[in-house]
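**Student:** Sharing a model that was predicted from the sequence below.
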2 protein chains.
Amino acid sequence: MVIDKLYEKAKKNTAVCLGLDTKEDFLPKYIQKKDMSLAEKYLEFNKKIIDATKNDVACYKVQIACYEALGLEGLKCYSKTLKYIKQTDNIVIADVKRGDISSTAQMYATGHFSGDFEADFITVNTYMGEDAISPYFDYVKNNEKGIFALVKTSNKLGYQIQDLKCEDESLVYENMAKLVDKWGSDFIGKCGYSSIGAVVGLTYPKEFEKIKDIMKNTFFLIPGYGAQGGTGKDIANIFKDGICGVVNSSRGIIASHKNKVETESFTDITMKAVKDIKEDINQWLK
Amino acid sequence: MVIDKLYEKAKKNTAVCLGLDTKEDFLPKYIQKKDMSLAEKYLEFNKKIIDATKNDVACYKVQIACYEALGLEGLKCYSKTLKYIKQTDNIVIADVKRGDISSTAQMYATGHFSGDFEADFITVNTYMGEDAISPYFDYVKNNEKGIFALVKTSNKLGYQIQDLKCEDESLVYENMAKLVDKWGSDFIGKCGYSSIGAVVGLTYPKEFEKIKDIMKNTFFLIPGYGAQGGTGKDIANIFKDGICGVVNSSRGIIASHKNKVETESFTDITMKAVKDIKEDINQWLK
């Protein structure tokens, strides 16, 4: 199970998931000035980041939207970034949030679990229910692949649907948590967690505790640390019985050099940013 | 407003939205046998379908998953298909079901409302709430673009989340309907409908009536006709006060020639399939 590999990486290195949500503003000036396409600049930037951090993170998360925004050239860079991460023997989560009826989900599974865009995990939106996720199960079972399903997202207005109260007093996201936990029960690895994980934002720490009680065997992909408000203490609270997820940080790492170091040595700052997050988490862990 | 153009096309031609969910199985044998890549075959097939139907449909819907499944080559074909439709002065709905936090949604907006993947409408999943959709509003207001947000989907297990009953007796999808209707109220065109539409499956006709009552100014993208079970009578019931949506048919049109005509003249069957659906709807309309 792919979850075992992710769990081991998180334990050995740190629970940091490095988010490659690359944007033009984040590029150091020496790359911005180069005579190449924006997509090529993204790739050069991503490679430098990966080279500098490949032994110090749990995994990488690549936000496909940043690359779709650049069209075909952007997706070529996306593909090359995934392949580059694979060469370093690291895990990559494709943050694609796909979700559709089963025949379509089957196409997405082919697209993101093989070929040009092959990733280890993908994020999935399951507002459409189990048939939007079940086509991925074969890959989870037979191809060392995994999924993170959206349960409670980190953004401000996610409550509009996710926090609706049901007639039995449960909230919508709690029902989603139950469903995802049930789907995951067939794919539990040696580490005790399932290859079907959940996305839960760190921005709602109290809700996270309730979700953890529902999802005993679920590994979490946790956005919302840093700029969005989540702290090391919040993480430590979730990790009090051991690491049960990876904490995504993107801008906080990959833009940390901006207005400080704009030359090739910008990755010194990148590495320091990873180390700082690690320490921010570890100071609260026993 | 782009919705006015779509409404006029639907009134003038027919309410049929032709779904280009192209798959290898659907290709006529003479294309299958050609010495070209699968993606190139898809493009040749799509062009033939578009040439044959360009004056007889309301719009085209292109399911991006079918193209993502073929990787970079597939997305090149996707891009060329969108451009080809644009040349015929027809409207294209990109069925991408994207949805993410606002900074990411902004990237998706750039990606799917401009450049290589420019479409007129995109489908959006709004489980994440208003900030997953508001970045598109600028394009709706200023760039003749539109959205179809998932409200009640046509698949079997959509009820798991969408039909949860809330404490005030409303269902989750009714709450989604209210939200989408509210968001759409700022973007109502001359035809009386908003450029922010909703996806509601024809497979749940009773629920559709309830949704119609909530969403008075909403134009619908309606999947679920044909193979999934929705009938012309179901559509007529929804259209009883006039056309208020487009009905998607994919396999029922683009695979209609299979095992009948496998030569270049396969589009005779395609055209007949469009005509048949039109008649199936019209027989119930006054």
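**Tutor:** In hand now; what should we look at?

**Student:** Please count neighbours and contacts with C-alpha atoms only from this point.
**Tutor:** Noted.

**Student:** for the stretch 101-250 of chain A, what spans make up the helices?
**Tutor:** Counting by DSSP state H, counting those that start in this stretch, the stretch 101-250 of chain A has helices at residues A:102-113, A:137-142, A:159-162, A:172-184, A:205-214, A:232-238.

**Student:** Show me the shaky parts of chain A.
**Tutor:** Residues of chain A meeting the criterion pLDDT under 70: A:286.

**Student:** Nearest residue to the middle of it?
**Tutor:** A:K61 (4.4 Å; C-alpha atoms, centre = their mean).

**Student:** just so I know, which of the helices of the stretch 101-250 of chain A lies nearest chain B?
**Tutor:** helix A:102-113 (3.7 Å; C-alpha to the nearest C-alpha).

**Student:** check whether stretch A:54-67 contacts chain B.
**Tutor:** Yes. Under the criterion of C-alpha under 8 Å from any C-alpha of the partner chain, chain B is reached by stretch A:54-67 at A:A65, A:C66.

**Student:** Correction: the previous question concerned stretch A:101-115.
**Tutor:** Yes. Interface with chain B: stretch A:101-115 contributes A:I101, A:T104, A:A105, A:M107, A:Y108, A:A109, A:T110, A:G111, A:H112, A:G115 (C-alpha under 8 Å from any C-alpha).

**Student:** what's the closest of these to B:K165?
**Tutor:** Distances from B:K165 to the residues of stretch A:101-115 next to chain B, taken as C-alpha to C-alpha, are shortest for A:I101 (22.4 Å).

**Student:** hang on, the earlier thing: check the residues of stretch A:101-115 next to chain B and tell me the two furthest apart.
**Tutor:** Farthest apart among the residues of stretch A:101-115 next to chain B - using C-alpha to C-alpha - are A:I101 and A:G115, which lie 21.6 Å from each other.

**Student:** Of those two, give the one with the bigger neighbour count.
**Tutor:** Taking other C-alpha atoms under 10 Å in any protein chain shown, A:I101 and A:G115 do not tie; A:I101 has more neighbours (21 against 15).

**Student:** Would you confirm that the more buried one contacts A:D131?
**Tutor:** Yes. The pair A:I101 / A:D131 is scored as a contact, 6.2 Å apart, by C-alpha atoms under 8 Å.

**Student:** Quick check: neighbours shared by these two?
**Tutor:** B:N155 (C-alpha atoms under 8 Å, 6 or more residues apart in numbering or on different chains).

**Student:** ok, now how distant is the most far-flung residue of chain A relative to its centre from chain B?
**Tutor:** For chain A, the largest distance from the centre (C-alpha atoms, centre = their mean) belongs to A:E167, which lies 32.7 Å off. Applying C-alpha to the nearest C-alpha, to the nearest Å, the value for A:E167 to chain B is 4 Å.

**Student:** Looks like that residue contacts B:K165 (just checking).
**Tutor:** Yes. Counting by C-alpha under 8 Å, B:K165 is a contact partner of A:E167 at 5.9 Å.

**Student:** if we can go back for a sec, ok, the residue farthest from the centre of chain A - contacts?
**Tutor:** B:K165, B:C166, B:E167, B:D168, B:E169.

**Student:** returning to what we had before: dump the helices of the stretch 101-250 of chain A into TSV; add mean neighbour count as well.
**Tutor:** Below are those laid out as TSV (neighbours: other C-alpha atoms under 10 Å in any protein chain shown):
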stretch	mean neighbour count
helix A:102-113	22
helix A:137-142	17
helix A:159-162	20
helix A:172-184	21
helix A:205-214	16
helix A:232-238	19
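
**Student:** Let me have the ones you listed in JSON lines, adding distance to A:Y42 as columns.
**Tutor:** Shown next, in JSON lines, are the helices of the stretch 101-250 of chain A (distance: least, C-alpha to C-alpha, whole Å):
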{"stretch": "helix A:102-113", "distance to A:Y42": "20"}
{"stretch": "helix A:137-142", "distance to A:Y42": "30"}
{"stretch": "helix A:159-162", "distance to A:Y42": "34"}
{"stretch": "helix A:172-184", "distance to A:Y42": "34"}
{"stretch": "helix A:205-214", "distance to A:Y42": "34"}
{"stretch": "helix A:232-238", "distance to A:Y42": "29"}
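
**Student:** Tell me which of these approaches B:V140 most closely.
**Tutor:** It is, among the helices of the stretch 101-250 of chain A and with distance given as C-alpha to C-alpha, helix A:159-162, at 21.9 Å.

**Student:** contact partners of that closest one?
**Tutor:** Outside helix A:159-162, the residues that reach it (C-alpha under 8 Å, 6+ apart) are A:V151, A:K152, A:L171, A:V172, A:Y173, B:Y127, B:M128, B:G129, B:E130, B:V172, B:N175, B:M176.

**Student:** Taking helix B:71-87 as reference, get the angle to the stretch of helix or strand A:K83 belongs to.
**Tutor:** A:K83 is part of helix A:71-87 when elements are defined by DSSP states H and E. Relative orientation of helix A:71-87 and helix B:71-87, computed by axes from the mean of the first three to the mean of the last three C-alpha atoms, to 10 degrees: 170 degrees.

**Student:** Quick check: which helices or strands does helix A:71-87 pack against?
**Tutor:** Using 3 or more C-alpha pairs under 8 Å, 6 or more residues apart in numbering or on different chains; DSSP states H and E as the contact test, the elements touching helix A:71-87 are helix A:38-53, strand A:59-63, helix A:64-68, strand A:92-98, helix B:71-87.

**Student:** Tabulate the ones you listed (JSON lines), appending distance to A:E24.
**Tutor:** Converted to JSON lines, the helices and strands packed on helix A:71-87 look like this (distance: least, C-alpha to C-alpha, whole Å):
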{"stretch": "helix A:38-53", "distance to A:E24": "8"}
{"stretch": "strand A:59-63", "distance to A:E24": "14"}
{"stretch": "helix A:64-68", "distance to A:E24": "10"}
{"stretch": "strand A:92-98", "distance to A:E24": "19"}
{"stretch": "helix B:71-87", "distance to A:E24": "22"}
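
**Student:** wait, which of these is closest to B:R251?
**Tutor:** B:R251 sits nearest to helix B:71-87 of all these, at 17.4 Å, using C-alpha to C-alpha.

**Student:** could you give the angle of the closest one to strand B:92-98?
**Tutor:** 140 degrees.
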